[in-house]
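> model this:
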Amino acid sequence: MKTIAYAFVAAFLLCANATAAIKIDSKVARNMDDVQSLGVIYINHNFATEQEAELAINEDADRHGAKYYRTLLMREPGSNGNMHVSADIYR
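Numbers count the residues shown, from 1 in each chain. The predicted model follows:
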């Protein structure tokens, strides 16, 4: 079963756009031995949707030279409309 999961992840990574950072989940991040953490990125902005926030994280990860990112936090604290988004980025 694990082999099938790894094969699926490998196929997904090969099919993804080579210039865009790839979103991964925490389980995949734990099993990736050959990546280097670049740190955490934070964005506070007035996004209309979670999809816009996710796109902004992806673009910021690209700007930092990341190949992968894992969203840590996506929330709207209070009524000011700003959404706080953070992500681990990896090379």
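
> low-confidence stretches in this structure?
The model of the chain has pLDDT under 70 over residues 1-19, 78-80.

> how about the strands in it?
With DSSP state E as the definition, the chain shows strands at residue ranges 22-23, 37-45, 68-75, 83-90.

> elements contacting the first one?
In this structure, strand 22-23 packs against strand 68-75, with contacts taken as 3 or more C-beta pairs under 8 Å, 6 or more residues apart in numbering; DSSP states H and E. The C-beta positions use only the backbone N, C-alpha and C, and glycine is treated the same way.

> can we see that at 10 Å?
The helices and strands touching strand 22-23, judged by 3 or more C-beta pairs under 10 Å, 6 or more residues apart in numbering; DSSP states H and E, are helix 2-15, helix 50-63, strand 68-75.

> show me what the residue nearest the centre of the chain is bridged to.
Among the residues of the chain, the smallest C-alpha distance to the mean C-alpha position (C-alpha atoms, centre = their mean) belongs to residue 69, namely 2.9 Å. Listed by DSSP bridges, the beta-bridge partners for residue 69 are residue 23, residue 89.

> show me what contacts it?
21-24, 29, 38, 40-41, 54, 57-58, 60-62, 87-90 (C-beta atoms under 10 Å, 6 or more residues apart in numbering).

> out of those, which are buried?
The neighbour-count test (16 or more other C-beta atoms under 10 Å) marks 21-24, 38, 41, 54, 57-58, 60-61, 87-90 as buried among the contacts of residue 69.

> export stretch 33-41 as CSV, just CAs?
This file holds the C-alpha atoms of stretch 33-41, laid out as CSV (Å, rounded to 0.1, in the frame of the first residue of the first chain):
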residue,chain,number,x,y,z
ASP,A,33,14.0,12.9,3.1
ASP,A,34,15.8,14.7,0.2
VAL,A,35,14.3,18.2,0.7
GLN,A,36,15.7,21.2,2.6
SER,A,37,13.5,23.5,4.6
LEU,A,38,13.7,27.2,3.5
GLY,A,39,11.6,28.4,6.4
VAL,A,40,8.1,29.8,6.8
ILE,A,41,6.3,32.5,4.8
